[in-house]
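Student: pasting the sequence and the predicted model now:
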Amino acid sequence: AKAAAADRPRRYAADLDEQSDEQARVGAELRTALDTGQFRVVYQPIVALPSGRPVAVEALVRWAHPERGTVPPDHFIPAAERNGLIVELGEWILRTACAQAMEWQAAYGDLAPARMSVNVSARQLAEPGFAALVAAVLDETGLPAGRLTVEVTETAVFGGGQAVQSVQDLHDLGVHIALDDFGTGHSSLGLLQTVPVDVLKVDKSFVDSITMAGRHAVIATALIQVSAGLGLTAVAEGVETAEQAAELHRLGYELAQGYHFGRPSPEPSFLTPGPSPAAA
Ligand code: C2E
Ligand code: CA
Ligand code: CA
Ligand code: CA
């Protein structure tokens with residue numbers, strides 16, 4: 001993969017902690033975007049290896065900006081976290097994703113993904129009412145708790161306190177907990193003793209290196225062993241080639257996600273296999 005730095009869009013200056021008036025401007029723009037419905041949620045399949053059968057989808061937010069087109073989350077989530085809007089935006093994302101899961105279930109039955117995975121930021125977990133909010137959204141949409149996975153980063157739960165309490169409360173509700181970007185944050189292994197975790201999402205950086213020559217598969221191998229030893233489910237992230245998928249399967253990975261299996265989209269193609277039905 002040649003993800004050259006030059007290919008990546010520039011971040012907002014606010015992302016680099018430059019100007020406070022720039023931060024205020026982006027904050028106001030995000031507020032307007034939320035009030036006028038400029039955010040979208042797209043969904044990427046998580047599949048079983050080696051079959052490629054979808055077992056879940058991950059909800060990923062996009063900003064459909066009236067002038068700039070589609071803005072990826074890396075360019076505005078940090079600003080939304082700083083000004084606190086992520087709490088309200090995150091609630092909208094959660095509600096949208098849970099409602100979507102139920103709509104697909106009604107429309108496609110067994111073809112619909114069994115599980116919906118939603119990213120939650122540190123700021124959301126720090127809210128004492130977060131688990132109660134999730135319970136209310138599940139109640140309102142009808143999605144059973146056992147079909148929701150919440151993805152949290154190691155960094156978000158590293159400090160303990162309310163974030164860990166929120167995770168514990170969500171787990172008690174029956175929501176699955178996934179540690180996102182696993183292996184890239186703080187204190188990876190120790191956390192597994194203090195936070196109830198069901199799923200390890202093994203970061204793309206480890207997946208990228210498995211088909212390189214030398215000893216590069218060592219971390220991906222160690223992480224699948226940790227996962228299996230603790231009775232957790234591992235998901236390999238950012239799988240881009242058939243070669244990577246085959247190697248991950250050989251290492252013992254049972255679940256994977258990446259462009260090789262499907263890109264994020266408003267309605268994953270596996271829901272509508274074969275020739276698309278006549279446009280409504
Ligand atoms: P993430 O949670 O690790 O999500 C996976 C990212 O990897 C997504 O980028 C996805 O589009 C991308 N990806 C998936 N497969 C491949 C692949 O094969 N190759 C490559 N190069 N990339 C792949 P996206 O959608 O741009 O999201 C970036 C990050 O923004 C996410 O990383 C997550 O940290 C954050 N984010 C996205 N949606 C939300 C959200 O609803 N709430 C919060 N709090 N954060 C979100
Ligand atoms: Ca994620
Ligand atoms: Ca990830
Ligand atoms: Ca990531």
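Tutor: Looks like it arrived, so ask away. Ligands and ions are numbered 1, 2, ... in the order given.
Student: isn't residue 105 right up against residue 112?
Tutor: Yes - using Cβ atoms under 8 Å, residue 105 is in contact with residue 112, at 4.5 Å. Using the backbone N, CA and C atoms, a C-beta is placed for each residue, glycine as well.
Student: ok, these two, which is more surrounded?
Tutor: Ranked by neighbour count (other Cβ atoms under 10 Å), residue 105 and residue 112 place residue 112 first, with 20 against 17.
Student: what helix or strand does the residue nearest to the more buried one when sequence neighbours are not counted sit in?
Tutor: Nearest non-adjacent residue to residue 112, counting by Cβ to Cβ, 6 or more residues apart in numbering: residue 104, 3.9 Å away. If you go by DSSP states H and E, residue 104 is part of helix 85-108.
Student: and that helix, what does it pack onto?
Tutor: helix 20-35, strand 39-48, strand 54-65, helix 77-83, strand 115-119, helix 122-125, helix 130-141 (3 or more Cβ pairs under 8 Å, 6 or more residues apart in numbering; DSSP states H and E).
Student: need the contact list for residue 92.
Tutor: By Cβ atoms under 8 Å, 6 or more residues apart in numbering, the residues touching residue 92 are 34, 39.
Student: pLDDT at it, what is it?
Tutor: With respect to pLDDT, residue 92 has a value of 98.
Student: and it, how far from residue 270?
Tutor: Going from residue 92 to residue 270 by Cβ to Cβ, to the nearest Å gives 25 Å.
Student: around ligand 2, pick out the residues from this structure.
Tutor: 119, 151, 180 (Cβ under 5 Å from the ion).
Student: so which of those is the closest to ligand 3?
Tutor: Distance to ligand 3 across the residues of the chain next to ligand 2 (Cβ to the ion) is lowest for residue 180, with 4.3 Å.
Student: wait, is that closest one part of a strand?
Tutor: Yes - according to DSSP: H, G, I helix; E, B strand; the rest coil, residue 180 belongs to a strand.
Student: quick check: residue 222 is in a helix.
Tutor: Yes - assigned with three-state DSSP, residue 222 falls within a helix.
Student: that one - how many residues pack around it?
Tutor: Residue 222 has 13 neighbours, counted by other Cβ under 10 Å.
Student: before we move on, what about residue 73?
Tutor: Other residues lying near residue 73 total 15 when counted by other Cβ under 10 Å.
Student: thought it was touching residue 60?
Tutor: Yes - counting by Cβ under 8 Å, residue 73 does reach residue 60; the two are 6.7 Å apart.
Student: on that earlier part again, quick one: contacts for the residue nearest to residue 112?
Tutor: Residues in contact with residue 104, defined by Cβ under 8 Å, 6+ apart, are 111, 112, 113, 271.
Student: among the residues you listed, name the buried ones.
Tutor: Buried by 16 or more other Cβ atoms under 10 Å: 112, 113, 271, out of the contacts of residue 104.
Student: which of the residues you listed lies closest to ligand 2?
Tutor: Nearest to ligand 2 among these, with distances taken as Cβ to the ion, is residue 113, at 15.1 Å.
Student: the residue nearest to the closest one when sequence neighbours are not counted: how many residues sit nearby?
Tutor: Spatially, and ignoring its direct neighbours in sequence, residue 113 is nearest to residue 57 (4.6 Å; Cβ to Cβ, 6+ apart). By other Cβ under 10 Å, 29 other residues sit near residue 57.
Student: again with residue 141
Tutor: Neighbour tally, residue 141, other Cβ under 10 Å: 19.
Student: and residue 206, helix, strand or coil?
Tutor: For residue 206, the assignment made with three-state DSSP gives helix.
Student: that one touches residue 223, doesn't it?
Tutor: Yes - contact criterion Cβ under 8 Å: residue 206 and residue 223 qualify, at 6.7 Å.
Student: residues shared between the contacts of those two?
Tutor: If you check residue 206 and residue 223 against Cβ under 8 Å, 6+ apart, the residues they both contact are residue 183.
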